[in-house]
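> fold the stuff below for me.
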Amino acid sequence: MAFVAPQLHEVTRGLAFPEGPVALSDGSVLVVEIAAGRLTRVLPDGTHVTVAGTGGGPNGAAIGPDGAVYVCDNGGFTWHTRPDGTVFPGDQPEDYRGGAILRVDPGTGESSVLYDGLRGPNDIVFAADGTFWFTDLGKRRPRELDLGGLHHARPDGSARTEVVHPLMTPNGVGLSPDGSRLYVAETATGRVWCWAVTGPGELGTPPELPGPSGPGGARLLHGFAGYRNLDSLAVDGDGNVCVATLVTGEVSVLSPAGELLGTVAPPEHDPHVTNICFAGAGSRDAWVTSSGRGRLYRCTWPVDGLDLAFRR
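Model (predicted):
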């Protein structure tokens, strides 16, 4: 069946570079506001409610097995504004103190550091066994750029392992519907890599993908032509990898075989369309963050969403 791009409808605006959307069972959506250092709940009518002030640079977010919100803190950015009013992140800020994984209690707003000593954690996904994968994109300085990595960790703070290093600005991370594949999008290279999940925290080469080999035994799922950077990603119920594509300002939809099925863009161009999330199985509701313009959009996806390992 051909992919038919849905129309995006604005839910709210006035957010401070929103990312990391997480759909909740009551129809509201959690987002991080990176430029404001907070975790925010957007109600169905567009109202913003602050859940927690995290400081730093809250980036990717996910619900863990204990119902808490686990947040990648990238350590913050310098911020810039284009002539058209869109904002975008820049280099490592002067008050940078490192990156971390945070645990946020959504009831009290209390935020605690689960893992520190990181550079710029970006995106996170939980596996069915209660452990999680996250990317550490690194930070950029005027004459330097960190090499990033892919990590696996336990939600109780007892163990964290860097499974793949180096990666060039690893950003979005997601799992296939059956948990047998793990995907990572690299921002600077415009590549989406795929690994076979062979055990808890263990990766191998997916034999069914014939593409070029990559870091840690990965196969290239898709390499974008031209000048395109990649941001975060989510996987829908059909196993399609839906990856936010910067510069062109859209969500690109890749089949499990790596074919580009189509793209979805907001009505007003934003080079920083950064994220997508789904309500889950049995629903076609999806939300997209237009971060440069500070907006959250909703649409009806052509296929059902995917139940994440844990929800609220």
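
> in the stretch 201-312 of the chain, where is pLDDT below threshold?
Applying pLDDT under 70 to the stretch 201-312 of the chain flags no residue at all.

> can you map out the strands along it?
Applying DSSP state E, counting those that start in this stretch to the stretch 201-312 of the chain gives strands spanning 202-204, 219-223, 229-235, 241-246, 250-254, 260-264, 273-278, 285-290, 295-300.

> tell me the most buried of those strands?
By mean neighbour count, with neighbours taken as mean count of other C-beta atoms under 10 Å, strand 273-278 ranks first of those at a mean of 27. Placement of C-beta: from N, CA and C, glycine included.

> chain center to that one, what's the gap?
7 Å (C-alpha atoms, centre = their mean, to the nearest Å).

> give me the distance between the two termini of stretch 274-290.
In stretch 274-290, first residue to last residue: 6 Å (C-alpha to C-alpha, to the nearest Å).

> how far away is the residue sitting nearest the centre point of the chain from Asn122?
Nearest residue to the geometric centre of the chain (C-alpha atoms, centre = their mean): Ser232, 3.5 Å. Here the criterion is C-beta to C-beta, to the nearest Å. By it, Ser232 lies 8 Å from Asn122.

> with Ala185 instead?
Taken as C-beta to C-beta, the span from Ala185 to Asn122 is 10 Å.

> which one's more surrounded, those two?
Neighbour count, other C-beta atoms under 10 Å: between Ala185 and Asn122, Ala185 has more, with 32 against 29.

> so which strand or helix has the more buried one?
In the assignment (DSSP states H and E), Ala185 maps to strand 181-186.

> same question for the helix or strand following that strand, mean pLDDT?
Counting by DSSP H and E, the element after strand 181-186 in chain order, helix or strand, is strand 191-199. The average pLDDT within strand 191-199 is 98.

> note down every partner strand of strand 191-199 and its orientation.
strand 181-186 (antiparallel), strand 202-204 (antiparallel), strand 219-223 (antiparallel) (DSSP bridges).

> centre of the chain versus the longest one, how much separation?
Here the centre of strand 181-186 is set off from its chain's centre by 11 Å, with C-alpha atoms, centre = their mean.

> quick check: mean pLDDT of it?
98.

> kindly export that strand (C-alpha atoms) in PDB.
Provided in PDB are the C-alpha atoms of strand 181-186 (Å, rounded to 0.1, in the frame of the first residue of the first chain):
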ATOM      1  CA  ARG A 181      16.200  -4.700  15.700                       C
ATOM      2  CA  LEU A 182      17.600  -1.400  17.000                       C
ATOM      3  CA  TYR A 183      17.900   1.700  14.900                       C
ATOM      4  CA  VAL A 184      20.000   4.800  15.300                       C
ATOM      5  CA  ALA A 185      20.000   8.000  13.200                       C
ATOM      6  CA  GLU A 186      23.200   9.900  12.800                       C
END
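
> sorry, back to before: what sits in contact with each of Ala185 and Asn122?
Pro170, Asn171, Gly172, Ser232 (C-beta atoms under 8 Å, 6 or more residues apart in numbering).

> quick check: the farthest pair among the residues you listed?
Of all pairs drawn from the shared contacts of Ala185 and Asn122, the greatest distance, 10.9 Å, lies between Pro170 and Ser232 (C-beta to C-beta).

> common neighbours of these two, please.
Common contact partners of Pro170 and Ser232 (C-beta under 8 Å, 6+ apart): Asn122, Ala185.
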